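Student: Please work out how this folds:
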Amino acid sequence: MSVRFIFVLFAILSACSQGKQPLLGKTDWQRELNAEYKDATTSPLKDKDRKQFKGLDFFEVDSSFVVEARLERTPDSPWFNMRTTTERVSQERVYGILHFELHGKSYKLNVYQGKDLMSRQGYEDYLFLPFLDDTNGESTYGGGRYIDLRIPEGDTIIVDFNKAYNPYCAYNEKYSCPIVPRVNYLNTEIRAGVKAFDKK
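Tutor: Below you'll find the predicted structure:
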């Protein structure tokens, strides 16, 4: 193999690597979310926003926003129609109440189970945690944020607010997103997870 061939090959590989910029993110979860938003087949972004998308804006990862919550199950809770940003409703029930401490104060949040998702493969144990806090409308999306959870075997569950993400409606009004129930308002600033999206 000639020296010239090796040089040309190296130049081609370097050009290719420079053309495809790596997606930003300090954790696997952040990088996976950014990859999802960059991919046209999975992204909620409008085409004009996706084409210039380099990565979502996250708060610095903060371990103090990872809490162990006590899960108080509510097995007899009724199904109800959770309102969304469109005329659609989502059939949900309160699966339980999460009790936890954050920065020395006690809080609680309802965690929900969706009737439709229960029958979908891979989502049988899925739980939906929407919440509001005092950053909404300033550094975070005004409509609140979501966290994905799974039903635990025991009575405790880890809630990582660093994995709080925006509803798709924050990026594109065509989506129908569950509206966070007012009961899930936290009287504090959750400076963790995804920040508000800056639409260009």
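Student: now stretch 100-113, how far from the centre of its chain.
Tutor: Offset of stretch 100-113 from its chain centre (C-alpha atoms, centre = their mean, to the nearest Å): 17 Å.
Student: buried residues in it?
Tutor: 100, 102, 107, 109-113 (16 or more other C-beta atoms under 10 Å). For every residue, glycine as well, the C-beta is placed using N, CA and C.
Student: which of the residues you listed lies closest to residue 132?
Tutor: Ranked by distance to residue 132 (C-beta to C-beta), the buried residues of stretch 100-113 are led by residue 109 at 9.9 Å.
Student: Validate this expectation: the closest one resides in a helix.
Tutor: No. Counting by DSSP: H, G, I helix; E, B strand; the rest coil, residue 109 is not found in a helix; it is strand.
Student: And it, how close does it get to residue 79?
Tutor: In this structure, residue 109 and residue 79 are separated by 19 Å, where distance is defined by C-beta to C-beta, to the nearest Å.
Student: before we move on, back to that, relative to residue 67, which of the buried residues of stretch 100-113 is nearest.
Tutor: Of all the buried residues of stretch 100-113, the one sitting nearest residue 67 is residue 100; the distance, using C-beta to C-beta, is 4.4 Å.
Student: I'd say the closest one and residue 71 touch.
Tutor: No. If you go by C-beta atoms under 8 Å, residue 100 and residue 71 don't touch, sitting 9.8 Å apart.
Student: Before we move on, what's the pLDDT of the nearest residue to residue 185 once chain neighbours are set aside?
Tutor: Counting by C-beta to C-beta, 6 or more residues apart in numbering, residue 185 lies nearest to residue 132, which is 4.3 Å off, once chain neighbours are set aside. On pLDDT, residue 132 comes in at 98.
Student: Residue 23 now?
Tutor: Looking at residue 23, its pLDDT is 66.
Student: domains in the chain, as residue ranges please.
Tutor: Using automatic domain parsing, the domains assigned to the chain come out as 31-55, 57-200.
Student: looking at those, which is buried most?
Tutor: Mean neighbour counts were taken over these using mean count of other C-beta atoms under 10 Å, and the top value, a mean of 16, falls to domain 57-200.
Student: Next one: residue 97 from residue 193, what distance?
Tutor: From residue 97 across to residue 193, the span is 21 Å (C-beta to C-beta).
Student: Parallel or antiparallel, list what pairs with the biggest strand by length in the chain.
Tutor: Secondary structure of the chain read by DSSP state E shows that its longest strand is strand 89-102. Partner strands for strand 89-102, per DSSP bridges, with pairing direction: strand 66-73 (antiparallel), strand 80-83 (antiparallel), strand 105-114 (antiparallel).
Student: Of all the ones you listed, which one is nearest residue 142?
Tutor: Of all these, strand 80-83 sits nearest to residue 142, with 15.9 Å by C-beta to C-beta.
Student: beta partners of the most centrally placed residue in the chain?
Tutor: Note on the chain: the residue nearest the mean C-alpha position is residue 165, at 2.6 Å, using C-alpha atoms, centre = their mean. According to DSSP bridges, the residues that bridge with residue 165 are residue 146.
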